[in-house]
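Chemist: Okay, here's the prediction I keep looking at, along with the sequence it came from:
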There are 4 protein chains.
Amino acid sequence: MPLMTRDQYISSLSELGHRVFVRGEQIASVPDHPISRPPAMAMAETYYQAEQEELKWLYTAESPIVNGTVNRFTHIQHSIDDLIKKILMLRDMGRKTASCFQRCAGLDCINSVYAITYETDQEFGTPYHQRFVDFMKYVQTNDLVTAACMTDPKGDRSLPPSRQEDKDQYLHIVEERKGGIVVRGAKLHITGGVNSHELVVVPTRALKEEDKDYAISFAVPAETKGVTFIYGRQPSDTRKLEALRSDVGNLFYGGCEAMIVFDDVFVPAERIFMKGEYPLAGRLVELFAAHHRASYGGCKVGVGDVLIGATAGLAEAMGIENAAHYKDKLAEMVHLNETLHAGALASAARGFQTPSGSYAVDPLLANVCKLNITRFPFEISRLAQDIAGGILVTMPSLEDQENPDVGPYVKKYLVGKSGVSGEKRMRLLRLVENITLGTGAVSYLTESIHGAGSPQAQKIMIPRFCNIEATKSYAYRLCGIEDQK
Amino acid sequence: MPLMTRDQYISSLSELGHRVFVRGEQIASVPDHPISRPPAMAMAETYYQAEQEELKWLYTAESPIVNGTVNRFTHIQHSIDDLIKKILMLRDMGRKTASCFQRCAGLDCINSVYAITYETDQEFGTPYHQRFVDFMKYVQTNDLVTAACMTDPKGDRSLPPSRQEDKDQYLHIVEERKGGIVVRGAKLHITGGVNSHELVVVPTRALKEEDKDYAISFAVPAETKGVTFIYGRQPSDTRKLEALRSDVGNLFYGGCEAMIVFDDVFVPAERIFMKGEYPLAGRLVELFAAHHRASYGGCKVGVGDVLIGATAGLAEAMGIENAAHYKDKLAEMVHLNETLHAGALASAARGFQTPSGSYAVDPLLANVCKLNITRFPFEISRLAQDIAGGILVTMPSLEDQENPDVGPYVKKYLVGKSGVSGEKRMRLLRLVENITLGTGAVSYLTESIHGAGSPQAQKIMIPRFCNIEATKSYAYRLCGIEDQK
Amino acid sequence: MPLMTRDQYISSLSELGHRVFVRGEQIASVPDHPISRPPAMAMAETYYQAEQEELKWLYTAESPIVNGTVNRFTHIQHSIDDLIKKILMLRDMGRKTASCFQRCAGLDCINSVYAITYETDQEFGTPYHQRFVDFMKYVQTNDLVTAACMTDPKGDRSLPPSRQEDKDQYLHIVEERKGGIVVRGAKLHITGGVNSHELVVVPTRALKEEDKDYAISFAVPAETKGVTFIYGRQPSDTRKLEALRSDVGNLFYGGCEAMIVFDDVFVPAERIFMKGEYPLAGRLVELFAAHHRASYGGCKVGVGDVLIGATAGLAEAMGIENAAHYKDKLAEMVHLNETLHAGALASAARGFQTPSGSYAVDPLLANVCKLNITRFPFEISRLAQDIAGGILVTMPSLEDQENPDVGPYVKKYLVGKSGVSGEKRMRLLRLVENITLGTGAVSYLTESIHGAGSPQAQKIMIPRFCNIEATKSYAYRLCGIEDQK
Amino acid sequence: MPLMTRDQYISSLSELGHRVFVRGEQIASVPDHPISRPPAMAMAETYYQAEQEELKWLYTAESPIVNGTVNRFTHIQHSIDDLIKKILMLRDMGRKTASCFQRCAGLDCINSVYAITYETDQEFGTPYHQRFVDFMKYVQTNDLVTAACMTDPKGDRSLPPSRQEDKDQYLHIVEERKGGIVVRGAKLHITGGVNSHELVVVPTRALKEEDKDYAISFAVPAETKGVTFIYGRQPSDTRKLEALRSDVGNLFYGGCEAMIVFDDVFVPAERIFMKGEYPLAGRLVELFAAHHRASYGGCKVGVGDVLIGATAGLAEAMGIENAAHYKDKLAEMVHLNETLHAGALASAARGFQTPSGSYAVDPLLANVCKLNITRFPFEISRLAQDIAGGILVTMPSLEDQENPDVGPYVKKYLVGKSGVSGEKRMRLLRLVENITLGTGAVSYLTESIHGAGSPQAQKIMIPRFCNIEATKSYAYRLCGIEDQK
């Protein structure tokens, strides 16, 4: 089965008839607009890497669903090796884009729906799993991007969905029609939403019987009638509109999120994967969370690699590469970065088989991985800025180099140690700025906190997955407490 | 003596004939250009607050130099009370601007030159102190802004000034003329440079005899021939150019730095405060560092107050103000912020009188204060982003609310808990974004690392100011080591 | 008025007829028992230092209560200068004893009762303040040690005093008699209890009307009938019983706590300072907490000085004093230690006058100081152990040096760099062990967490003393939120 | 091949004729002396667990060396699965002993010597690998404990072995005799040395040609003539000598280290595994370091489990198990503990095959694992003490409960919430004390810093194993730096 090439993907995206608004204007083509092009190009790298012969071991997989080779970003994981390779692939993508390349949430989502539809069918006698397998055949055969649409606006966080004043604060069924249902609501912060062919919608939280109407999962094409994408603003995003783009820092790539509004969207029955089986909503969320929290120990670590490299390059440009304090800080950056990676690898190495036959990561270790992700990138960024120097935020535009009045001054005074041009230094500084204070910081910092669930979510899950009673029994035995009262 | 009003200051700045370039274009008036206006307005607040009757105890002082009331930002501190009030004033300014208001580096610089010129005269029989007192009379009488011009480009950091390939990497004397000298070089990251009337130039490091020509201190007006200001770029700076400025976050204020080039600038003798007395260069740097490192425990703490307030406002808008994890994080933010303040207050409370009669802060505690400043604002920002939610970096423009297609969606789905408009929430989010990822992050984060000296500078000074030998003697006595070998 | 000398104090303690049990045995004299002698000697240093002419400025004060010079450890603070000197004195004591010298809780307690009795009288028309002034006259005239007896056993922490199954879990009045009252209960972890002449009892928490009987404060002599002291065990405490005491680490001093049981103890009316005025209980606790939390930024910092000194001595003994990683860690230890001190100094510098005329520290900064105390000594200890090396916990006894079989081996192989004896190294290691893992760790680590209130107590107080509403108003103004809804 | 039982091991140890000194006295039998018994019992658990049918999958392995089942503690790892199971086994042992059970350093050492002798033979044509295989046959067939003897005294750390004033500061060859060599020196901090049958000696650092005589590796039985063991003192060690041992905290187990002196010890040729091949010394150290640094992510995590369990038990005893701050701290403890485990698991999951056929862990991740180990146990301990309360270090002896005078008071006032005896609470407190301030802290805290190499060793290795050049190339590509100068 031929995989899509990068160029074919970009074409498919240009032709996709979805309704996208950037800063209040509907745009014609996502990859042709200067704001949205870099994220499209980051996504496109997931196709490009799979084209490379020497990387096929990492970026493709043999899928039992279609009995053929698929892009690993559409693969249902069936072994520990699959789980580990996913992490390694995400880190490699992070190194190559220094961005959120946006395709892992969808991957983690399809792996979760695959497992949970099987369990739903076992408990409720529903036909969801085969429907979903059919959907996956379509996705894998056509090598499509699937967006994970999970987070609802939530309104008043102290109230469940059914008790909200505005019922639409959680996406729900507004009508049952022959052959399908009509849904209304919105999904927020949808990573890569505008670069996806298919939207896979799942609930955002555990639900009780009263919230049955909100226990819904389905997939619709991005261009479905009633679907609107509102593109999110990022720090320094309009630097991409400047003529020379010289201060963008990351020349090629970016990430993006969108609010996706579902304004009375029709979903045909064969694309429905949950409809009212509320006890499964929480389990789906938990499984997705485990998969996705581990993913962060791949992609963010790859971005961390780039930040480490940029920092090392800057240290050499300034001639401080042998200073003890620099070496200590560099070691610390690597240490923190690899600690993040270790969490993901461990969760994969201790993975388990779900009843559906697919594999999932160890949820305790995946949550532990993510909780570190909510902390260490800030410290790595701080260390990078420490080494980079205050010039990071006070230097002129790279463009100023060409100005006849001040260009000569800029070139003369921002030079590095002998033989290193000021331009090299400035380019590296702009890259560090991008990742720690610019468009790249969106995914490297803020999304490291909130993506795949906020820190408090991990704080709640971690003791739940740890057998505290067992730890008590070890302690009681050792200090001679007989009955455990 | 009448102090300048805010409006008079803005006029004086508009009329100042200095040569300022913003993104490669010379601008006519700093306060009239949309990029440079907010920093000018932040500086102007230092005048406005001193106009307020109820704040005169804090923002003005009685100066023995002019025997009259002066703005405390031009005051030579003559008591512990002066030192403490400076810190309190800086915090108050931080609260009111959430920005670097740019006038404290100049204040700390004049206090340092005041003390050091006295000591230089004692050692070398020079006439600097009286010259400087005369300069201060002029500054105080006219209520002027003085910029501290210290940091040189430095070229290859492993070489001293006199051994650089390009001698201009450190500002130096290129010619001695009748009635004065001619200097060449550049000073980088000059806070508030473009908003200052007078430039006070001092050396950037301790110097040896071979670097005598670099041991130079003087003051020149900003519009002096040969002086050029190149304005630094900041993250998200061009949002200020957008028609509605709706996404700037901080509606009124900002900070700014500039590279200031001295291209063969003539300095008259009566404005020279050091010329070749190299042993004093290091002492001047050290004294300035102490004053200025303590200042950060005022201004950054005020910005921290605003960030805490914005975060608390957001928590209420979402209805999570009683969640235990939120309360714990809020307490932690306050705790870290006050720890920063404590360092500054302690360094003031333990201040001492210099031979000149002026007062200086305790240098050990001032360095300790600053080293915490290089760390805690990052953690406070991380906590603020944690509470704010991922929407911080994924939401549409505030302007999108007015768009007929998507505006209704934005208004409907970004609403807070009952009774809280989405706009309120979005405005607070933009303010948090400004301080942690936007123009405000320049001073709240990166400058917190590097301003007044990078962390390694503090790491070197801290043990130097601590009497390690005394601590050893305490230990030896307690464990019975008789002779101290 | 003559102050007591160290020797007079030791005699007074030997003769004190209080009932003290150490490891299940009643002891005859606290300063004569090898376990309890070092804490008695630490307390005695508070007398010895005040005897020293050159330290009288620090260890004594002019008391308006007796119109004469008193030991500062019995002084009611009447100025900011008093508040600051107290902190400096505590640090000095910490340096000289590397122990909890146990006299500051009592000092903080009398300062609190002084202020609160005044306020109680104002509100309730009671006669407590004059009674307390009379008590203070007695204390100051005779230069006595007062113990602060606050913490009750608490039983079930989810229930208030009056709802406990066993009413005695909080000390309370069991009988009113002519001329006084009879009380029952226990006070736990009473620092220096066994080394005190007078026990000053105060409530342990804020109380409601139902808990009126628990709102009680009084003072009784240590030898009062019905009072029993049960001495607490400490890690490695029995090394003090070994013949040569060679492994005690700290040769002279220590700290101690005791459980003090009040088994139907009679309190005469003139010694009662609160009896049922429950609204004042919480205020007394809060005021004492502020005073005492600031104190930790004195004493623990002094112990930190000793640990820094011991570590520096070890580094030199091993010849690593110029290693970059060692210098960085030493600077970090000093930095953390001084950050603790800064909190205390700042709380004193920002102190205020109470209605009684006495001065109290700023409660926000005092709580901030203490919260850092619950954290940094652990990190300082970790760094000290890092530098000391694994030998800290694996070396033989110092006594082993004298053994004919293994002594020569020990001497040969534990030697430091040329010219440094193994014994010097071992003595320093034992001191580090004492402070970080031995009897000294009781006060340097665990009490740093819990003394003067556990971390959660500070987490609750810090936002309460911070004006969060004001911080919100700063934020609202800056981002253009008009009405504050 | 029958494995040794726990009882057989204890007998073998009693009968071992090695020369052991505890506090200056030679002892007759390690398992019969109250100080050294608990460590012997911890070691014995490695035999006991392997006896358990349901744990044979974890504690035994199939060895190709003897073609039979061996205790996994003597197994040369031949797969990733072997590497992972080792980590899981170590954690299980940590849970069961809350101690250093002392058998993993030997295990890691034989795995390193196995791989390095193979490589030495390849490079130098030496016969070491087969000799070592023969040695391993003997060890596995007889199920023996091997101690890893690595760390030398080092004297002046700024000088290499051959330049020390006292040549014996590093173990070295003093004579070559027919059939073998004679060695002199000492090895410090040897974990489980006194509980081992065989001593495997390896160099402690990379060596140059001048230090050839120090490039030596061999194995000798513990009872070899000239070998002396000097047992290390631990905090609170003599509580084990008290009649009831009621305050030991951990009733059964402990860890121990010894200084082992080699005073002209003869080593027969067939037991020599390196003799002068100095280039391999550094590689052996590095490989051992990797294996052993990963091990700490097993054993210390198991001890962490016990500490978590004891803390959870205490929280319930006090009735605070639903307090938000307690739950947050518990989650944090679990989080940190699992982060440590993740490092070890990841290093195993990313293991590789050595030229000898055996498997080794990823060295970067193993170093990262260990560097976290030097930090987190201190924070976990701090949190445990926070939850436990100040009573941890101020309560009387457990024995005091039985005293007629004070026993009733202790029982009455140290009770927990309704239904929980004071004794339960006190036992748990003593266990927490043991691990964080007592004999258990030796391995849980100090050895976590220094065992398997001090933090600085990891700081040096981490950037060495990270491909910094590759990270620079990622950065350069993304910001458009063409040539990499």
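Modeler: Here it is on my side, so go on. Residues are numbered from 1 along each chain as shown, chains lettered A, B, ... in the order given.
Chemist: Check which residues of the host helix or strand of residue A:366 are buried.
Modeler: Per DSSP states H and E, residue A:366 falls inside helix A:363-373. Neighbour counts over helix A:363-373 (16 or more other Cβ atoms under 10 Å in any protein chain shown) mark A:363-373 as buried. C-beta: built from backbone N, CA, C; applies to glycine.
Chemist: same thing with stretch A:350-367?
Modeler: A:350-351, A:354, A:356, A:358-367.
Chemist: what's near enough to touch residue A:88?
Modeler: A:58, A:298 (Cβ atoms under 8 Å, 6 or more residues apart in numbering or on different chains).
Chemist: Can I get the buried residues of stretch A:350-367 in CSV including pLDDT and distance to chain C?
Modeler: What follows is the buried residues of stretch A:350-367, written out as CSV (pLDDT from 0 to 100; distance: Cβ to the nearest Cβ, whole Å):
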residue, pLDDT, distance to chain C
A:350, 98, 29
A:351, 98, 34
A:354, 98, 40
A:356, 98, 45
A:358, 98, 43
A:359, 98, 39
A:360, 98, 37
A:361, 98, 32
A:362, 98, 30
A:363, 98, 29
A:364, 98, 26
A:365, 98, 26
A:366, 98, 29
A:367, 98, 24
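Chemist: Among these, which one lies nearest to residue A:266?
Modeler: Of all those, residue A:266 sits closest to residue A:356, with 28.4 Å by Cβ to Cβ.
Chemist: Give the full set of residues in contact with the closest one.
Modeler: By Cβ under 8 Å, 6+ apart, the neighbours of residue A:356 are A:114-115, A:117-119, A:129.
Chemist: now do 6 Å
Modeler: A:115, A:118 (Cβ atoms under 6 Å, 6 or more residues apart in numbering or on different chains).
Chemist: What's the separation between it and residue A:76?
Modeler: Note on residue A:356: its distance to residue A:76, by Cβ to Cβ, to the nearest Å, is 9 Å.
Chemist: what are the ranges of the strands in chain A?
Modeler: A:19-22, A:25-27, A:60-63, A:68-71, A:146-149, A:172-177, A:180-191, A:198-201, A:216-221, A:227-231, A:257-268, A:272-275, A:352-353, A:359-360 (DSSP state E).
Chemist: What are the buried residues along the second one?
Modeler: This means strand A:25-27. Neighbour counts using 16+ other Cβ under 10 Å place residue A:27 of strand A:25-27 among the buried residues.
Chemist: any low-confidence regions in chain A?
Modeler: Chain A contains residues with pLDDT under 70 at A:1, A:483-485.
Chemist: re earlier: point out the most buried one among the strands of chain A.
Modeler: Comparing the strands of chain A by mean neighbour count (mean count of other Cβ atoms under 10 Å in any protein chain shown), strand A:146-149 ranks first with a mean of 28.
Chemist: chain center to that strand, what's the gap?
Modeler: 10 Å (Cα atoms, centre = their mean, to the nearest Å).
Chemist: Can you list the neighbours in contact with it?
Modeler: Residues from elsewhere that reach strand A:146-149 (Cβ under 6 Å, 6+ apart): A:105-106, A:109-110, A:187, A:190, A:192-193, A:196, A:198-201.
Chemist: Can you get me a residue count around residue A:225?
Modeler: Counted by other Cβ atoms under 10 Å in any protein chain shown, the residues lying close to residue A:225 total 11.
Chemist: Repeat that for residue A:467.
Modeler: 12.
Chemist: Can you list phi and psi of it for me?
Modeler: phi -80, psi 80 (degrees, to the nearest 10).
Chemist: any idea how far residue A:15 lies from chain C?
Modeler: 41 Å (Cβ to the nearest Cβ, to the nearest Å).
Chemist: sorry, that was for residue A:253
Modeler: Counting by Cβ to the nearest Cβ, the gap from residue A:253 to chain C is 31 Å.
Chemist: again, but for residue A:343
Modeler: 23 Å.
Chemist: OK, contacts around the residue of the stretch 51-200 of chain A found nearest chain D?
Modeler: Chain D sits closest to residue A:95 of the stretch 51-200 of chain A, with a gap of 4.7 Å, by Cβ to the nearest Cβ. By Cβ under 6 Å, 6+ apart, the contact set of residue A:95 is A:302, A:305, D:474.
Chemist: swap in residue A:22?
Modeler: Residue A:22 makes contact with A:35, A:231 under the criterion Cβ under 6 Å, 6+ apart.
Chemist: Can you spell out which residues form a bridge with it?
Modeler: residue A:25 (DSSP bridges).
Chemist: Could you check how far the closest residue to residue A:457 other than its chain neighbours is from residue B:187?
Modeler: Spatial nearest neighbour of residue A:457, chain neighbours left out: residue A:289 (7.1 Å); criterion: Cβ to Cβ, 6 or more residues apart in numbering or on different chains. According to Cβ to Cβ, residue A:289 and residue B:187 sit 52 Å apart.
Chemist: Kindly report the same for residue A:106.
Modeler: Using Cβ to Cβ, residue A:106 is found at 51 Å from residue B:187.
Chemist: Could you tell me how many residues sit around the spatially closest residue to residue A:61 that is not a sequence neighbour?
Modeler: Spatially, and ignoring its direct neighbours in sequence, residue A:61 is nearest to residue A:75 (4.2 Å; Cβ to Cβ, 6+ apart). Counted with other Cβ under 10 Å, the neighbours of residue A:75 add up to 26.
Chemist: Run a quick check on residue A:75 versus residue A:60, I expect a contact.
Modeler: No: using Cβ atoms under 6 Å, residue A:75 is not in contact with residue A:60, being 8.2 Å away.
Chemist: and for the two, which residues touch both?
Modeler: When Cβ under 6 Å, 6+ apart defines a contact, no residue borders residue A:75 and residue A:60 alike.
Chemist: got the contact list for the closest residue to residue A:204 other than its chain neighbours?
Modeler: In space, residue A:204 comes closest to residue A:152 once its chain neighbours are excluded; the distance is 4.7 Å by Cβ to Cβ, 6+ apart. The contact partners of residue A:152, by Cβ under 6 Å, 6+ apart, come to A:170-171, A:204.
Chemist: again, but for residue A:163
Modeler: No contacts exist for residue A:163 under Cβ under 6 Å, 6+ apart.
Chemist: how much space is there between it and chain C?
Modeler: 23 Å.
Chemist: Same check on residue A:62?
Modeler: 49 Å.
Chemist: How many residues are close by residue A:450?
Modeler: Quick note: residue A:450 (other Cβ under 10 Å) scores 22 neighbours.
Chemist: What's the separation between the closest residue to residue A:14 other than its chain neighbours and residue D:391?
Modeler: Once flanking residues are discounted, residue A:14 sits nearest to residue A:29: 4.5 Å by Cβ to Cβ, 6+ apart. Residue A:29 sits 69 Å away from residue D:391, going by Cβ to Cβ.
Chemist: Looking at those two, which has the bigger crowd around it?
Modeler: With neighbours defined as other Cβ under 10 Å, residue A:29 and residue D:391 compare such that residue D:391 has more, 22 against 15.
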